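[1] Okay, predicted coordinates and the sequence, questions at the end:
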Amino acid sequence: MAHSPAPRPRMAGRAGRRDRVTVAHAQTCARLAVMADRTVPTNVSDTARWVAAYRARETARPDAVFRDPLADRLAGPQGYAIADAAPSLMRNGWPVVTRTKLIDDLIAKSIAAGCDRVLNLAAGLDTRPYRLELPPGLLWIEADLPEMVAEKDAALAGETPRCVLRRHSVDLADDSARKAFLDEALGPHDQTGAASKALVLTEGLLVYLDNATVTRLAQDLARPEIAWWIADLATRITRGRAGSVFENAPLRFEPSNGAGFFEELGWQITDLEQLMVWARKLRRLPLVLRPFSYLPQPNPRQPGRTPWSAVIRFQHR
Ligand SMILES: C[S@@+](CC[C@H](N)C(=O)[O-])C[C@H]1O[C@@H](n2cnc3c(N)ncnc32)[C@H](O)[C@@H]1O
């Protein structure tokens with residue numbers, strides 16, 4: 001199995017040689033990662049490196065549906081090694097690429113509708129504050145586990161975000177820490193008053209939490225300062241075929257009533273996009289899955305045993 005970083009543009013002369021040396025170094029590191037058996041996430045935070053590798057590979061394509069120039073550096077050799085060892089049906093990264101593009105578009109839609117703050121819960125190595133067109137005064141707050149926040153702070157210290165960016169260390173599965181974070185993040189900041197039309201993102205988070213924690217999170221997010229919540233949901237998409245990939249980062253949340261789980265908690269669906277259909281439209285769906293994307297898609301409130309994934313934007317009633 002090949003383990004290589006995202007292809008970089010070739011450069012001439014000394015820069016070209018330097019570039020080849022960098023690629024060779026990254027390839028060696030990736031091989032070492034494989035030899036050290038770091039081809040599966042060793043903890044849930046490694047999943048952030050994994051998805052960053054897919055964003056880096058998308059960025060390197062001439063027909064990229066988004067560009068994330070920092071992703072290659074953030075993914076590192078381990079991110080690429082995990083991506084290359086992923087189950088074959090998801091190895092080209094179509095679920096991550098598709099959900100990234102859909103969420104980018106929903107963020108733009110929310111901002112156009114007056115969103116005045118973004119809370120990215122479990123932001124991982126996401127770089128949207130550096131790559132999206134955003135109002136310069138927009139306050140964007142990221143939250144993740146302490147080690148991930150420290151790693152990201154260090155890695156991006158020299159980069160300039162396009163809006164006002166803050167990062168918080170918080171265990172989002174801890175009820176009191178989560179509530180304290182939400183109070184602080186949604187309250188007044190510097191010259192800015194409290195949020196009144198905030199957007200919350202939980203991209204790639206819910207699946208690692210158990211049902212009870214997701215229930216309490218959904219209840220905590222139902223507050224007047226929050227106008228929208230964007231989440232991704234996946235059922236039966238990886239389990240069974242995923243081997244040891246999720247051994248150290250087990251998938252927990254897979255509600256049998258799909259999007260209905262959130263409706264029962266008072267959340268209303270404003271947008272729902274099926275990943276497989278969009279992956280085909282974006283030309284990222286593997287050939288073998290394409291016929292399935294033309295079939296009637298599962299009922300989002302009762303996905304059953306069929307693999308299904310979607311990006312959903314909610315509003316609280
Ligand atoms: C698959 S990554 C997604 C990262 C990012 N949202 C993205 O899409 O690129 C999952 C992220 O969830 C974070 N995470 C998992 N459990 C968490 C928890 N209890 N509290 C805070 N962050 C958590 C991990 O550290 C990791 O960054």
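    Yep, that arrived.
[2] May I have the phi/psi pair for R99?
    phi -70, psi -30 (degrees, to the nearest 10).
[3] how about the residues of the stretch 1-150 of the chain near the ligand?
    Counting by CB under 6 Å from any ligand atom, the residues of the stretch 1-150 of the chain lying close to the ligand are 44-45, 47-48, 51, 122-126, 144-145, 148. C-beta coordinates here come from the backbone N, C-alpha and C atoms, glycine included.
[4] one more time with 5 Å
    By the rule CB under 5 Å from any ligand atom, the part of the stretch 1-150 of the chain lying against the ligand is 44-45, 47-48, 51, 122, 124, 126, 144-145, 148.
[5] Would you mind giving those residues as JSON lines with secondary structure and distance to D171 added?
    Output for those, formatted as JSON lines (DSSP: H, G, I helix; E, B strand; the rest coil; distance: CB to CB, whole Å):
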{"residue": "V44", "secondary structure": "coil", "distance to D171": "11"}
{"residue": "S45", "secondary structure": "coil", "distance to D171": "12"}
{"residue": "T47", "secondary structure": "helix", "distance to D171": "16"}
{"residue": "A48", "secondary structure": "helix", "distance to D171": "15"}
{"residue": "V51", "secondary structure": "helix", "distance to D171": "20"}
{"residue": "A122", "secondary structure": "coil", "distance to D171": "10"}
{"residue": "G124", "secondary structure": "coil", "distance to D171": "14"}
{"residue": "D126", "secondary structure": "coil", "distance to D171": "18"}
{"residue": "D144", "secondary structure": "strand", "distance to D171": "9"}
{"residue": "L145", "secondary structure": "coil", "distance to D171": "6"}
{"residue": "M148", "secondary structure": "helix", "distance to D171": "11"}
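[6] in what helix or strand does W228 lie?
    Taking DSSP states H and E as the definition, W228 sits inside strand 226-235.
[7] Determine the next helix or strand in the C-terminal direction from that strand.
    Remark: after strand 226-235, the chain's next helix or strand is helix 260-263, criterion DSSP H and E.
[8] which parts of that next one are buried?
    260-263 (16 or more other CB atoms under 10 Å).
[9] Of the residues you listed, which are in range of the ligand?
    Near the ligand, taking CB under 5 Å from any ligand atom as the test, no member of these is found.
[10] Pick out the lowest-pLDDT one from the residues of the stretch 1-150 of the chain next to the ligand.
    Lowest pLDDT within these is found at V44 (78).
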